[in-house]
Structure formats: structure tokens, C-alpha cells
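Student: structure here, sequence nowhere to be found:
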């Protein structure tokens, strides 16, 4: 675990823990914290800084962290850049252009690689996955899934992800996985009405070989043109 021992933007994340799987070549970090933009310390900070204890790598190149909020009746999402400045300091960009005095979540599904080291994970053979028995409205366009001893990398893009019955539960079978993985992802979609505050997202769970959306797709997400995707480096539960 990484323990948060301080920050420069206020709030109450000090004392929280983030999951980590790490060695000298990488650190996979999972977890989330809340950021309150009404805090005076947040307004003064140019870069968010989190002090941590328990990191094995000495620094890292950048990784993408999800920033999410609920605004205007829609779950919205964007990404910010994050990197380990040193063994005790995680730095993140601030979200720009979102409403003032709001709260947003930072969710880590990240793979951090130290400066000067090659990412051995890039050379891992991909696992072929497919949707089995899916209705006509669901089709994978491309997938990059890599399974390791303690974690997995997922990047699945859907050519089609829509249902004839919005807001009803969705349960799809994903074949090809050899690990019993349980984790939550963001299913990200785009719509012209969302451009001011990023993209939209729907919570999607992977349980074993099942992709689940308990509350179904909201009408806007269901009707959104273009491809939808899930992406993240996730630690096995």
C-alpha cells in the first residue's frame, strides 16, 4: 500500500491508502481521492502534490489519471497527467475549465515507469478477448489486454456499445481471460453536448468473464455516436 501522508491542496485525503503492485521496473497504482476546488490551498496550488510513503521506484515518467465529476445530471470524465517527482512526491496537473468550487474524484488505474528504464510490460504477449453471444448492438473494434501475476492492463475499444432497451441492466460475456479478475472501469463515450466539461462515462464492472452495467446505459450514452472504450492498469482483488 501507498499511504498518503500530506498534500498541498487541502481536503481530507491524508491517511488514505492507495493500492500498489511494484518492483524496481514499475508501479501499478489503484485507488481514488476527492479534490475540493473550494479549498484555499487548492486555489493557490499550480500543481497538485501528494506526499506518499511506501513507494519502491525513485521517480517516474507521466501517466494518465482519471478525473470525474457529476454535473448537470451527467457523469463526466477527463484525464490529467501525473508523475512521481521522487520517492515521496506524486504530482498531478489540475483540471482546467471545470466549474469553480466543485468536487471531483481522481481515480488511479495507472502504470508508472521510472525514468531511464524500459517498460517490460510492453513486451508481454496480448490476451485475445471477444464478446460471446452479445446482442447486435455490441461489437469490439480493438483490444489490448495483458495479464500479469498481480495485475492486468485493459484497453478495449467498442465499435458498437448500445442496447435496444436503455437503462436496463447489461450483462455481457468476455471470453479469453485466464484470470479471475474483479474490477470497476469507466466506459467512456463522447457527445457534442459534453465538450465543455470533458467526455461522459458509465460505471462498468468486470466480474470474472462478465461485463456488467447494473443500471444500464443512460439514454445519452446509449445514443452517443462513435466508439466507447475502457482503459486501465488494474490490480487483482
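Tutor: Yep, that arrived. From a predicted model like this one, the values you see are computed outputs, not experimental measurements.

Student: how about residue 108, what does it touch?
Tutor: Neighbouring residues of residue 108 by Cβ atoms under 8 Å, 6 or more residues apart in numbering: 18, 29, 30, 31, 32, 65, 66, 82. Using the backbone N, CA and C atoms, a C-beta is placed for each residue, glycine as well.

Student: actually residue 144, sorry about that
Tutor: Contact analysis of residue 144 by Cβ under 8 Å, 6+ apart lists 126, 153, 154, 155, 156.

Student: residue 55 - nearest residue in space that isn't next to it in sequence?
Tutor: residue 87 (5.1 Å; Cβ to Cβ, 6 or more residues apart in numbering).

Student: confidence score at the one you found?
Tutor: Looking at residue 87, its pLDDT is 96.

Student: count of neighbours near it?
Tutor: The local packing of residue 87 (other Cβ atoms under 10 Å) involves 13 other residues.

Student: tell me how far the longest strand along the chain is from the chain's mean position?
Tutor: Ranked by residue count and defined by DSSP state E, the top strand of the chain is strand 74-86. Computed by Cα atoms, centre = their mean, to the nearest Å, the separation of strand 74-86 from the middle of its chain amounts to 9 Å.

Student: what packs against that strand?
Tutor: strand 63-71, strand 89-92, strand 103-112, strand 199-207 (3 or more Cβ pairs under 8 Å, 6 or more residues apart in numbering; DSSP states H and E).

Student: can you add pLDDT and give the contacts of residue 108 back as CSV?
Tutor: Shown next, in CSV, are the contacts of residue 108 (pLDDT from 0 to 100):
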residue, pLDDT
18, 97
29, 98
30, 98
31, 97
32, 97
65, 98
66, 98
82, 98
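
Student: neighbour-wise, which one of those leads?
Tutor: residue 29 leads these on contacts (other Cβ under 10 Å) with 25 neighbours.

Student: hang on, the earlier thing: could you dump the helices and strands packed on strand 74-86 into a markdown table with distance to residue 222 added?
Tutor: A markdown table is the format used below for those (distance: least, Cβ to Cβ, whole Å):
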| stretch | distance to residue 222 |
| --- | --- |
| strand 63-71 | 18 |
| strand 89-92 | 32 |
| strand 103-112 | 23 |
| strand 199-207 | 9 |
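
Student: are any of the contacts of residue 144 buried, and if so which?
Tutor: 153, 154, 156 (16 or more other Cβ atoms under 10 Å).
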